[in-house]
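> Prediction below, plus the sequence it came from.
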Amino acid sequence: MGEALVVTSGKGGAGKSTVAVNLAAALAMKGKSALLIDADTGLRSLDVLLGLENNVVYDLTDVIEGNCRLKQAIVKARCADNLFLIAAAALRDASSVKPAAMADTVRRLRAKYDYIIIDCPAGVDAGFRTAIAPAERAIVVTSEDAICVRDVERVGALLDQAGIRDRLLVVNRMRARKIKRGEPMPGQVLSERLHMALLGQLGEDRAFYDAAQAGRPLALDRGETAAAFERMARRLMGEDVPFEMPRRPSLIQRLRG
């Protein structure tokens, strides 16, 4: 049976959709079948990040309302084998998918995919409750910004109330800095503060923007960010992988940016 994970952050703009897509792509590169479910009804984005905006015929709400069979809503990514998507409805609201219906849909999918990654909408309202309903683990995305960290503390409390106590932290847009020997990394400090195991650390990378415009996950290419997602995928798969601080971009990379 596959594993269902929800990717959330509380507030918008932390990069959770980008993390969801690239982590799924990294798992696919490791030979695992990964299905992304866009739970952001009315504001879907995963189809664009995967270059599939012209391939979506049926969406999650169509499945829930019986307008199509489940397999008809599953779109295979062109950029990677073993990577699939169920898009959110573009013209509906969060009330069109209830938590029980989401949980039932994911239950039917777990026999077919190794990982089901649910991209949670921003906020902690009805859409949040629907997205977390089937999840066994949560991946929580934050930046070092104090407001974002405070929102994540609130999300952690809500996940705890929902019985999701296995929570993994991804620190996004970290500032590159040198860490003295014996000094904890900022990601480890946040991990202890938020009571979440650290899954990965990502630096600021303009290539994310270019990859989004191209509809191709950055995790499929070479470079430090792709390597960071590869390490996160291995940790999800149970490997013990050392953590590394994001490096400051080279002069050539800064000029290109």
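Nice, thanks for sending it over.
> Helices of the stretch 151-257 of the chain, start to end?
Here the stretch 151-257 of the chain has its helices, by DSSP state H, counting those that start in this stretch, at 186-194, 207-214, 224-236, 251-256.
> so what does the longest one touch, helix or strand wise?
Put plainly, it is helix 224-236. Contacts defined by 3 or more C-beta pairs under 8 Å, 6 or more residues apart in numbering; DSSP states H and E place helix 224-236 against helix 16-29, strand 197-203. Quick note: C-beta positions are derived from backbone N, CA and C, even for glycine.
> Point out the other helices and strands that the following helix or strand past the longest one packs with.
Read it as helix 16-29. Sequence-wise, the next helix or strand downstream of helix 16-29 (DSSP states H and E) is strand 34-38. When contacts are defined as 3+ C-beta pairs under 8 Å, 6+ apart, strand 34-38 sits against helix 16-29, helix 46-49, strand 83-86, strand 115-119.
> among the ones you listed, which is the most enclosed?
helix 16-29 (a mean of 27; mean count of other C-beta atoms under 10 Å).
> residues touching Leu23, list them.
Val7, Ile117, Ile139, Ala219, Phe229, Met232, Ala233, Leu236 (C-beta atoms under 8 Å, 6 or more residues apart in numbering).
> distance of it from Met237?
11 Å (C-beta to C-beta, to the nearest Å).
> With Ala228 instead?
Relative to Met237, Ala228 is positioned 15 Å away (C-beta to C-beta).
> So for the two, which sits in the more crowded spot?
Ala228 (23 against 14; other C-beta atoms under 10 Å).
> Leu199 is in contact with the more buried one, correct?
No: using C-beta atoms under 8 Å, Ala228 makes no contact with Leu199, being 10.3 Å away.
> where along the stretch 1-150 of the chain do the helices fall?
Going by DSSP H, counting those that start in this stretch, the stretch 1-150 of the chain shows helices at 16-29, 46-49, 60-64, 99-109, 126-132, 146-161.
> and the nearest residue to Lys98 once chain neighbours are set aside, what is it in contact with?
Closest residue in space to Lys98, ignoring its immediate chain neighbours: Thr130 at 6.5 Å, by C-beta to C-beta, 6 or more residues apart in numbering. Contacts for Thr130 (C-beta under 8 Å, 6+ apart) come out as Ala39, Ala94, Val97, Lys98, Pro99, Met102.
> State the number of residues packed around the last one.
Read it as Met102. Residues near Met102, counting by other C-beta under 10 Å: 24.
> List the residues that contact it.
Met102 is in contact with Ala39, Ile64, Ile118, Thr130, Ala131, Ala133, Pro134, counting by C-beta under 8 Å, 6+ apart.
> pLDDT and distance to Val171 for the residues you listed - can I get that in CSV?
Listed next are the contacts of Met102 as CSV, based on pLDDT from 0 to 100; distance: C-beta to C-beta, whole Å:
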residue, pLDDT, distance to Val171
Ala39, 93, 23
Ile64, 93, 34
Ile118, 97, 21
Thr130, 93, 26
Ala131, 94, 21
Ala133, 94, 26
Pro134, 95, 25
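> Any regions of the stretch 101-250 of the chain where pLDDT drops low?
The stretch 101-250 of the chain contains residues with pLDDT under 70 at 176-185, 245-250.
> change it to 80
123-124, 174-187, 204-206, 208-210, 212-214, 243-250 (pLDDT under 80).
> doesn't Ala34 make contact with Phe84?
Yes: when contacts are counted by C-beta under 8 Å, Phe84 is listed as touching Ala34 (7.2 Å).
> how long is stretch 216-235 from one end to the other?
Using C-alpha to C-alpha, to the nearest Å, one end of stretch 216-235 lies 23 Å from the other.
> Flag every buried residue along that stretch.
Buried residues in stretch 216-235, defined by neighbour count with 16 or more other C-beta atoms under 10 Å: 216-220, 225-226, 228-233, 235.
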